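In: Pasting a predicted model and its sequence here:
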There are 2 protein chains.
Amino acid sequence: MQHPKKKYYSIDQEKLAGYARAVSHPVRVFILDFLADNLDKCCYSGDMAEELPIARSTLSEHLRVLKSAGLIQGEINPPFIKYCINRENWEEAKHLFAQFFKR
Amino acid sequence: MQHPKKKYYSIDQEKLAGYARAVSHPVRVFILDFLADNLDKCCYSGDMAEELPIARSTLSEHLRVLKSAGLIQGEINPPFIKYCINRENWEEAKHLFAQFFKR
DNA sequence: TATTTGTTTCGTATTTTTACGAAATAAAGA
DNA sequence: TCTTTATTTCGTAAAAATACGAAACAAATA
């Protein structure tokens, strides 16, 4: 980089982009909707696999992406894994998006 | 696909994913923040290039992505192109995200 | 008409994402 | 201990995203 420019994007801009990236695939939106609609009972991977025309391993990969973005968490209870929305980060994302669009 | 599953994602889930995809890169968040903060005057590509350590062509590509997602629009006034937030779609995205996170 | 100007498009390379089936895993039950 | 079960990880392939510099563009101006 020959001429470093004055400034670049902020931490919040990077955070927002990260959450947006997690939500940027329809299957992952579906998963998040599914989990958010079933907050009381949480869900197993298999519950969602029933509803989606994709391989189990592909679903697992989408769950991994959501988990690494922090939007969901999985409580291991073999051979099941009970997935839930990660409340703390969900609220952070909600706030970031609300701030972003509030203009 | 041997066993077509019962249902798949909805139109709104696809729309949300599409808007999220557009916002899923920090440079694009930066651009949208920049435009939203300057609603009165709108902006030229060059105004933003000053602030970002990326090639002009790369910025142009990000603008193209945002335009094709519908979040911005460009009024051609050669050799300038004045960019603005696309108000209608911005409101739609705002609403979709608000609905999504409201739980 | 040739030049300048701000921007986009093109060609290309690299990286990341998405997807699948096969194999691995880890606990429960036969 | 051998299966069964629900799920993840691995290996791989194909598609999409990201980035850059060079070339193209289109209007204004010299």
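Out: Thanks, I have the structure now.
In: So A:Tyr8 sits against B:Pro53, correct?
Out: Yes - applying C-beta atoms under 8 Å as the test, A:Tyr8 and B:Pro53 come out as touching, 6.1 Å apart. C-beta: built from backbone N, CA, C; applies to glycine.
In: tell me the phi and psi of the residue of chain A found nearest DNA strand D?
Out: Closest to DNA strand D within chain A is A:Gly46: 2.2 Å, counting by C-beta to the nearest atom of the strand. The phi and psi values for A:Gly46, taken as degrees, to the nearest 10, are phi -60, psi -30.
In: Need the per-residue pLDDT for it.
Out: A:Gly46 carries a pLDDT value of 81.
In: same question, A:Tyr9
Out: 90.
In: next one: A:Leu71
Out: pLDDT at A:Leu71 comes out at 97.
In: residue contacts, it?
Out: Residues near A:Leu71 by C-beta atoms under 8 Å, 6 or more residues apart in numbering or on different chains: A:Tyr19, A:Ala22, A:Val23, A:Leu32, A:Ile85, A:Asn86, A:Asn89, A:Trp90, A:Ala93.
In: Scan the residues you listed and report the most crowded one.
Out: Using other C-beta atoms under 10 Å in any protein chain shown as the neighbour test, the contacts of A:Leu71 are led by A:Val23, with 26 neighbours.
In: coming back round to it: how close does the residue of chain A closest to DNA strand D sit to B:Ile85?
Out: Remark: distance between A:Gly46 and B:Ile85 (C-beta to C-beta, to the nearest Å) = 42 Å.
In: Ok, A:Leu96 next?
Out: Taken as C-beta to C-beta, the span from A:Leu96 to B:Ile85 is 18 Å.
In: Repeat that for A:Glu92.
Out: 24 Å.
In: Same question for A:Tyr8.
Out: Here A:Tyr8 is placed at a distance of 21 Å from B:Ile85 (C-beta to C-beta).
In: Over to A:Phe97?
Out: A:Phe97 sits 15 Å away from B:Ile85, going by C-beta to C-beta.
In: ok, now A:Lys67?
Out: When A:Lys67 is compared with B:Ile85 (using C-beta to C-beta), they lie 33 Å apart.
In: just A:Glu14 next, same as before
Out: 21 Å.
In: Same check on A:Glu88?
Out: Relative to B:Ile85, A:Glu88 is positioned 30 Å away (C-beta to C-beta).
In: do A:Arg56 as well
Out: A:Arg56 is 41 Å from B:Ile85, by C-beta to C-beta.
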